[in-house]
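Visitor: curious how this folds, go ahead:
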Amino acid sequence: MNNGSVNKKRLVIRLILLSLIVVVCFLLFYFGKEHELLFDNKTVEINGQSYEALEFVRITINGDAKKSIERYSKERDVVKVSGPKHTIKVEIVDEDSDKVIKSEERVFNFGKTSSLMISVPAVAEKAPDVYLPLPGSMTQPPAPEPAPEKETETTGAMEIAPPVLSD
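Guide: The predicted structure follows:
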């Protein structure tokens, strides 16, 4: 065996190991990414369809009943989860008897998105689109433009005011 073929084998092995490390890093990033989910239980209109806020709901993520969230109408809550795929169950509950009136379960794939806001009434009504814009990304109406200044005609020499000095 000559020295040149050994160096080529080492180079190939090192390149394969390097590519495996890159793939493992990508997988760790994708499956370990933390997502911030905002559950909004307010009346909302999505794609022309209106969804009324629910009186009292219980939200369960990935079947963990111990960590379920209970929300009244017009409330919002934040949950942090890790991984790309999660099952979210929304139960409309009678507050007095704790009896489940209606239940809807849906599987979400969040991928690389770090923050999402989900409409709880839209999930309960099986809407195809349940995502809402995040509060920080809502666009503000543009500020009104100031009225244009009227130009006055000056006759003769134009006076220039001296600069104002401040302390």
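Visitor: list of residues touching stretch 46-64?
Guide: Defining contact as C-beta atoms under 8 Å, 6 or more residues apart in numbering, one finds that stretch 46-64 is touched by 37, 39, 41-45, 67-74, 77, 79, 81, 86-95, 100, 119-122, 124-125, 127, 129-130, 132. C-beta: built from backbone N, CA, C; applies to glycine.
Visitor: in space, what's closest to the residue sitting nearest the centre point of the chain - neighbours in sequence excluded?
Guide: With distances taken as C-alpha atoms, centre = their mean, the chain has L116 as the residue nearest its mean C-alpha position (2.1 Å). Spatial nearest neighbour of L116, excluding adjacent residues (C-beta to C-beta, 6 or more residues apart in numbering): L37 at 5.7 Å.
Visitor: in this structure, where's the longest helix?
Guide: Using DSSP state H, we find that the single longest helix of the chain is helix 3-32.
Visitor: buried subset of the contacts of stretch 46-64?
Guide: Among the contacts of stretch 46-64, the ones that count as buried by 16 or more other C-beta atoms under 10 Å are 37, 39, 41-42, 44, 69, 71, 79, 81, 86, 88-93, 119-122, 124-125, 127, 130, 132.
Visitor: mind checking which of those residues are in strands?
Guide: 37, 39, 41, 44, 69, 71, 79, 81, 86, 88-93, 119, 132 (DSSP state E).
Visitor: what would stretch 73-87 look like as PDB? C-alpha coordinates only.
Guide: Extracted C-alpha coordinates of stretch 73-87, given in PDB (Å, rounded to 0.1, in the frame of the first residue of the first chain):
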ATOM      1  CA  SER A  73     -63.000  34.300  27.300                       C
ATOM      2  CA  LYS A  74     -60.900  37.200  26.300                       C
ATOM      3  CA  GLU A  75     -57.700  35.700  27.900                       C
ATOM      4  CA  ARG A  76     -54.400  34.800  26.300                       C
ATOM      5  CA  ASP A  77     -51.700  32.500  27.600                       C
ATOM      6  CA  VAL A  78     -48.100  31.600  26.600                       C
ATOM      7  CA  VAL A  79     -46.700  28.000  26.500                       C
ATOM      8  CA  LYS A  80     -43.200  26.900  25.500                       C
ATOM      9  CA  VAL A  81     -42.700  23.600  23.900                       C
ATOM     10  CA  SER A  82     -39.800  21.800  22.300                       C
ATOM     11  CA  GLY A  83     -39.800  19.900  19.000                       C
ATOM     12  CA  PRO A  84     -41.500  20.400  15.700                       C
ATOM     13  CA  LYS A  85     -44.700  18.400  16.100                       C
ATOM     14  CA  HIS A  86     -47.300  18.700  18.800                       C
ATOM     15  CA  THR A  87     -50.900  17.600  19.500                       C
END
